[in-house]
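Student: based on what follows, work out the 3D shape:
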Amino acid sequence: MRLIVGITGASGAVYGVRLLERLRDFPEVEIHLVVSRAGQQVLQRETGRTPEDLRPLCQHCYNVEDLTASLASGSFRTDGMVIAPCSVRTMSAVAAGLTSNLLLRAADVTLKEHRKLILLVRETPLHLGHLRTMTALAEMGAILAPPIPAFYHNPSSIMDLIDLSLDRVLDLLGLPPTDAKRWTET
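Tutor: This next block holds a predicted model:
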């Protein structure tokens, strides 16, 4: 399996970092990472890390400005893409078909090739324009998975909340985690 992970400038860079860490549990997954310019700033501010620090967590790490990278072509086969976190700016650009950098182009290619695109949109509250953009993306085939915390598993830490959202993402990718906390009728 070959996956693209994008990290953008929305707050919540930990979702992208933790997703990369969790994907290491699946050695059959080849990970391609792209971090937007704003994502680099938020990553540094929120986690103290740079994209270089994330290189050990992926097989390939790309410069967001490199539109000649393999991810920019539909002939480069992937099994999907997750943008975690996904800013409203990125969400809107993807919906509009804008491809001004590698992250946006990779998302556009993912949609046009009918591959799985999962967006962990980090914004609240949402206005009507955001909701219409989300509807357009859903109509195009994207999966909108805002990382909204659940409490049925009795979380004891912020990481428990992050992991629950990422368990759902891994399920959507067909990589169900064996230790996922699931709803039961008890």
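Student: tell me the SS of D167?
Tutor: helix (DSSP: H, G, I helix; E, B strand; the rest coil).
Student: show me the contacts for M159.
Tutor: R18 (C-beta atoms under 8 Å, 6 or more residues apart in numbering). C-betas here are computed from N, CA, C, even on glycine.
Student: and it, what element?
Tutor: Element membership for M159 (DSSP states H and E) is helix 158-172.
Student: and what of I4?
Tutor: Here I4 is assigned to strand 2-7, by DSSP H and E.
Student: which strands and helices lie in contact with that strand?
Tutor: Under the contact criterion of 3 or more C-beta pairs under 8 Å, 6 or more residues apart in numbering; DSSP states H and E, strand 2-7 touches helix 13-23, strand 30-35, helix 37-47, strand 80-86, helix 102-112.
Student: re the thing from before, quick one, the helix holding M159 and helix 13-23 angle?
Tutor: 60 degrees (axes from the mean of the first three to the mean of the last three C-alpha atoms, to 10 degrees).
Student: returning to what we had before: buried stuff in the strand holding I4?
Tutor: Within strand 2-7, the residues that count as buried by 16 or more other C-beta atoms under 10 Å are L3, I4, V5, G6, I7.
Student: now pLDDT and distance to M81 too, for those, in CSV please.
Tutor: What follows is these, written out as CSV (pLDDT from 0 to 100; distance: C-beta to C-beta, whole Å):
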residue, pLDDT, distance to M81
L3, 98, 7
I4, 98, 4
V5, 98, 7
G6, 98, 7
I7, 98, 12
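Student: which one of those is nearest T135?
Tutor: G6 (21.3 Å; C-beta to C-beta).
Student: residue contacts, the closest one?
Tutor: Counting by C-beta under 8 Å, 6+ apart, G6 has contacts 16, 33-36, 39, 81-84, 86, 90, 103, 106-107.
Student: which residues sit in contact with the residue nearest to V109 when sequence neighbours are not counted?
Tutor: Setting aside the residues directly before and after it, V109 is nearest to G74 in space (C-beta to C-beta, 6 or more residues apart in numbering), at 5.1 Å. By C-beta under 8 Å, 6+ apart, the residues touching G74 are V109, K112, E113.
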